[in-house]
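In: Curious how this folds, go ahead:
(2 chains)
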Amino acid sequence: MKTDDFIAMLATGAEPVQPNVPERRLAKAMALSLPVAFVIMLDFGIRPDLLQVLGNPMLWVKFAFPGMVGVISLLLVLRLARPGMDTGHLAAGLAAPALAMSLLAVVALANAAPPDRAALVLGTTWQVCTANIALIGVPVFIGSFWALKGLAPTRLALAGSCAGLLAGAAGAFVYAIHCPELDAPFLLVWNGLGMLVPAALGAALGPRLLRW
Amino acid sequence: MERIQPESVALADMKAAELRLRAQLLQGMEGDAQAYQAFLKGLSAHLRAFLRRRLSTLPDDIEDLVQDILLAVHNQRHTYRSDQPLTAWVNAMARYKLIDLLRSRSGRETLHDPIDDDMALFATNDHEAADARRDLTKLLQQLPDNQRLPIVHTKLEGLSVTEAAAVTGMSESAIKVGVHRGMKALAVLMNLSMRHTT
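Out: Below you'll find the predicted structure:
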């Protein structure tokens, strides 16, 4: 077929395009997947002393760490969904929550007596934390990949890893309602891993699943 | 045709092309089919010249790839943000499709130079549209009826959505969805057919 005829075919009956499709598609994915993540967390159960620890600043740190990572990775997914958009300062912005959390962890470890330090890192639930976060993040993982699939990422591994990071951050945020741990070293290591594992999975799956 | 121009003139031309094409695309996205067609036509000339420089050993693939990229631009036009340079947006898609092709033919041609010079895309024109090698009609035959019929009626015969719905007995929303999904499926088929041609 001649290119001019092909162009005529593309233009014929071309419908108006709705504005902000990427934003609305990602919002829809989050609106559908976050409640499912919440329901999975409910299966683990809300921590019984949640009301008592509301005054503990570490509880808010525990929400803020994945919360910040989540918001930044959401913005990154949105940018990477559009061809030709760079990641701007957002990628560097991810360092902020990671550094802040590291600082808190180092301070906590430095202030603890050497025999107590292992307990600050391992807590009582280190064996399940990462896997539980990843599990709770699964709906968001599927949702963000679905959103990207209808858009046009051109850097597939990077887009996939940001979608995975978003899923891990959502998982860690929601899991914080269940998880009893409040020590900074524990949160850094196991919540950090809980976010990085889905990100690595996303980087591996991106080139396969997001091609267009 | 490629012309060698003084640098400042070339730069002014590129800026003019960016502004004109961007205005046409935005009008097209609001439903102005004529402006949209002018946009695709202008863009195709730039893409052709651009690919001619980069696919020198695969000259037979150029027109196919021009059409591939045009369809990608069409299918993904909802990802264009009006405050973004059009060159950056088109260039990212052109590069994506070009690398995809070169990778599938790996060993036959390697990428000569990184294509990250956004502005270069609109630097040259080539209006000599050729025939693509693949047969689009045959590819269309491979689509299921609920995608093929909406495309044939609305995009080849030029019927309105309402008319196409009446002719096929499908609902108007099924026609719109069929066109949308069908064009995406067509992009996949076009891509596959390029990989398999030698």
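In: rest of the way, CA atoms for contacts and neighbours
Out: Noted.
In: Could you tell me which residues of chain A lie near chain B?
Out: Within chain A, the positions near chain B by C-alpha under 8 Å from any C-alpha of the partner chain are A:1-4, A:6-22, A:81-85, A:151-152, A:154, A:212.
In: Tell me the buried residues within the residues you listed.
Out: A:1-4, A:6-15, A:21-22, A:81-85, A:151-152, A:154, A:212 (16 or more other C-alpha atoms under 10 Å in any protein chain shown).
In: Helices of chain A, start to end?
Out: Along chain A, the stretches classed as helices by DSSP state H are A:3-11, A:21-44, A:57-80, A:90-93, A:95-111, A:117-122, A:126-149, A:156-175, A:184-186, A:192-209.
In: So what's the gap between the fourth one and the chain middle?
Out: In terms of C-alpha atoms, centre = their mean, to the nearest Å, the centre of helix A:90-93 is found 14 Å from the chain centre.
In: and for it, what are the contacting residues?
Out: Under the criterion C-alpha atoms under 8 Å, 6 or more residues apart in numbering or on different chains, residues A:Ile72, A:Leu75, A:Leu76 lie in contact with helix A:90-93.
In: Please identify the buried residues of it?
Out: Judged by neighbour count using 16+ other C-alpha under 10 Å, helix A:90-93 contains no buried positions.
In: residue nearest the centroid of chain B?
Out: The central residue of chain B, meaning the one whose C-alpha is nearest the mean C-alpha position (C-alpha atoms, centre = their mean), is B:Leu70 at 0.3 Å.
In: residues contacting that one?
Out: Taking C-alpha under 8 Å, 6+ apart, we find B:Leu70 in contact with A:Ile7, B:Leu40, B:Ser44.
In: Could you tell me which residues make contact with the second one?
Out: Shown here is B:Leu40, whose contacts under the criterion C-alpha under 8 Å, 6+ apart are A:Ile7, B:Leu70.
In: Can you give me the pLDDT of it?
Out: In the predicted model, B:Leu40 carries a pLDDT score of 97.
In: Which secondary structure element is home to it?
Out: Counting by DSSP states H and E, the secondary-structure element that holds B:Leu40 is helix B:33-54.
In: Tell me the helix or strand right after that helix.
Out: Taking DSSP H and E as the definition, the helix or strand that follows helix B:33-54 towards the C-terminus is helix B:62-75.
In: could you give the angle of that following helix to helix B:33-54?
Out: Here helix B:62-75 runs at an angle of 140 degrees relative to helix B:33-54 (axes from the mean of the first three to the mean of the last three C-alpha atoms, to 10 degrees).
In: Buried residues, the helix or strand following helix B:62-75. List them.
Out: Remark: after helix B:62-75, the chain's next helix or strand is helix B:86-104, criterion DSSP H and E. Using 16+ other C-alpha under 10 Å as the burial criterion, the residues of helix B:86-104 that qualify are B:86-102.
In: One more: stretch A:22-41?
Out: Residues of stretch A:22-41 classed as buried: A:22-23, A:25-27, A:29-30, A:33-34, A:36-38, A:40-41 (neighbour count, 16+ other C-alpha under 10 Å).
In: Show residues contacting it.
Out: Applying C-alpha under 8 Å, 6+ apart, the external contacts of stretch A:22-41 come out as A:78, A:81-82, A:136-140, A:142-144, A:146-148, A:151, A:170-171, A:174-175, A:177-178, B:78-79.
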